[in-house]
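Novice: pasting a predicted model and its sequence here:
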Amino acid sequence: MAMNRRWIASLFVALVSISTGSGAQNSASSPGAWPSQPVRLVVGFPAGSSPDLTARALAEPLARALGQPVLVDNRVGAGGNIAADLVAKATDQHTLGLMINGNMTIARLLNPKLPYDPQTDLAPVALIGVSPLVLCAPVAAPGATAADFLAAGRAAGDRWSYGTPGVGTVGHIGMELLKARTGMAAVHVPYPGYPQVTTAMIAGDLQLSLLTPALAAAQVKAGKLRALGVTASNRSTLVPDLPSLAEAGVKDFNLEIWNAVAAPAGLPKPLVARLGALIGEIVRTPEMRQRLLAQGWQVSGGGPDELAARVRADTAQLGQIIANQGIRAD
């Protein structure tokens, strides 16, 4: 009888141990139990930059929704790829990243030595905002319309040049894509940044460039540059008066920059789905729409599936140009 009592007691302890261990293992993957500590939102750009402002706008409402602090962690360098690598290698299940499109698509195509692979090491969580670029030219640029201007560009051959903030930037790859779609042969001239690009274009040293809507609007309003059209397939609510380049006859050309939240690929899918839904709800609120619009973003709020589809499409489209032109940013 005493042996039976000891056996039952031992069995009870064993069952409790198994149950407790199982609960500990499953707690991280259970959406209801997560997060169990503050969440880190890693940003690859400095304080005051567009990705940083977006991350800080998102952090407070996301913290309220999760019931844990969301701490913005700036890890600057390599165009955001240092931060992306940190997120890709995180194993604590409480690290996320505020990414720009390049970090999640073409980063490794531009630099094969990159220590992370966007396709396998990052899990798409939520697409936050999108923005087209604006094709700009000097005020005295030829042609009354974008179609006329592009025709003049084809006729000019390599006598025209375009400026960007550097090799491998979206402005560079986007212009090479535009050249492929229109038959232009303008020569690439890299500059340290957009201020130098706009100065050179105003002076007439460059014939065209792709600028963000905010930068383009400021220069056009000042009468220093001319905006010809946006790179999206349709008009953008950010600059509704500008036609799309598709309206100028440029086929199969849709180029947008975007920002998004990503997680390590190992984060359980239920948590990814929960985060995607929460972030989508947050960015679609009127307050966040206004904050993002002021930063130059048109709200998307798409979840993991929509972001994954965008990653695949952009990687395929821009990857083809990178391969054809042999572009490297290493």
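Specialist: Received it, and whenever you're ready, just let me know what you need.
Novice: SS state for the residue lying closest to residue 275 once chain neighbours are set aside?
Specialist: Closest residue to residue 275 apart from its sequence neighbours, by CB to CB, 6 or more residues apart in numbering: residue 125 at 5.1 Å. (Each C-beta comes from the backbone N, C-alpha and C, glycine too.) Reducing the assignment to helix, strand or coil with DSSP: H, G, I helix; E, B strand; the rest coil, the entry for residue 125 is strand.
Novice: so residue 125 makes contact with residue 261?
Specialist: Yes - applying CB atoms under 8 Å, one finds residue 125 in contact with residue 261, separated by 4.3 Å.
Novice: quick check: neighbours shared by the two?
Specialist: With contacts taken as CB atoms under 8 Å, 6 or more residues apart in numbering, the residues that reach both residue 125 and residue 261 are 96, 275, 279.
Novice: list the contacts for the second one?
Specialist: Applying CB under 8 Å, 6+ apart, one finds that residue 275 lies in contact with 96, 125-126, 261, 263.
Novice: contacting residues for the residue nearest to residue 276 when sequence neighbours are not counted?
Specialist: Residue nearest to residue 276 in three dimensions, not counting chain neighbours: residue 303, with 3.7 Å by CB to CB, 6+ apart. With contacts taken as CB under 8 Å, 6+ apart, residue 303 has the following neighbours: 125-127, 273, 276-277, 280.
Novice: in what helix or strand does residue 76 lie?
Specialist: For residue 76, there is no enclosing helix or strand under DSSP states H and E.
Novice: how near is it to residue 318?
Specialist: Distance, residue 76 to residue 318, by CB to CB, to the nearest Å: 24 Å.
Novice: which one's more surrounded, those two?
Specialist: When residue 76 and residue 318 are compared on other CB atoms under 10 Å, the one with more neighbours turns out to be residue 318, at 23 against 15.
Novice: surely that one touches residue 173?
Specialist: Yes - under the contact definition of CB under 8 Å, residue 318 touches residue 173, with a separation of 5.3 Å.
Novice: shared neighbours, these two?
Specialist: Where contact means CB under 8 Å, 6+ apart, the residues bridging residue 318 and residue 173 through contact with each are residue 106.
Novice: can you pull out the strands in the stretch 151-300 of the chain?
Specialist: Counting by DSSP state E, counting those that start in this stretch, the stretch 151-300 of the chain has strands at residues 161-164, 187-190, 209-211, 225-230, 256-264, 298-302.
Novice: just those: most buried one?
Specialist: The highest mean neighbour count among the strands of the stretch 151-300 of the chain, using mean count of other CB atoms under 10 Å, belongs to strand 209-211: a mean of 27.
Novice: which helices and strands does that one pack with?
Specialist: Under the contact criterion of 3 or more CB pairs under 8 Å, 6 or more residues apart in numbering; DSSP states H and E, strand 209-211 touches strand 134-138, strand 161-164, helix 170-182, helix 194-202.
Novice: domains for this structure, by residue range?
Specialist: Following automatic domain parsing, the chain resolves into domains at 35-131+256-325, 134-248.
Novice: any chance of those in a markdown table, with mean pLDDT too?
Specialist: Formatted as a markdown table, the entries for the domains of the chain read as follows, by pLDDT from 0 to 100:
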| stretch | mean pLDDT |
| --- | --- |
| domain 35-131+256-325 | 96 |
| domain 134-248 | 95 |
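Novice: residues in contact with residue 235?
Specialist: By CB under 8 Å, 6+ apart, residue 235 lies in contact with 242-244.
Novice: from those, which is closest to residue 296?
Specialist: Distances from those to residue 296 were compared by CB to CB; the smallest belongs to residue 242, at 14.0 Å.
Novice: for the closest one, which non-adjacent residue is closest in space?
Specialist: That would be residue 230: by CB to CB, 6+ apart, it lies 5.2 Å from residue 242.
Novice: surely that neighbour meets residue 240?
Specialist: No - if you go by CB under 8 Å, residue 230 and residue 240 don't touch, sitting 9.7 Å apart.
Novice: quickly note the distance from residue 279 to residue 263.
Specialist: Distance, residue 279 to residue 263, by CB to CB: 11 Å.
Novice: quick check: neighbours shared by the two?
Specialist: Both residue 279 and residue 263 are contacted by residue 125, under the criterion CB under 8 Å, 6+ apart.
Novice: buried ones in stretch 287-297?
Specialist: When burial is assessed from 16 or more other CB atoms under 10 Å, stretch 287-297 yields the following buried residues: 288-289, 291-292, 295-297.
Novice: next one: stretch 46-53
Specialist: Residues of stretch 46-53 classed as buried: 49-53 (neighbour count, 16+ other CB under 10 Å).
Novice: any chance of JSON lines for the strands of the stretch 151-300 of the chain, columns distance to residue 42?
Specialist: Shown next, in JSON lines, are these (distance: least, CB to CB, whole Å):
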{"stretch": "strand 161-164", "distance to residue 42": "26"}
{"stretch": "strand 187-190", "distance to residue 42": "28"}
{"stretch": "strand 209-211", "distance to residue 42": "28"}
{"stretch": "strand 225-230", "distance to residue 42": "31"}
{"stretch": "strand 256-264", "distance to residue 42": "10"}
{"stretch": "strand 298-302", "distance to residue 42": "21"}
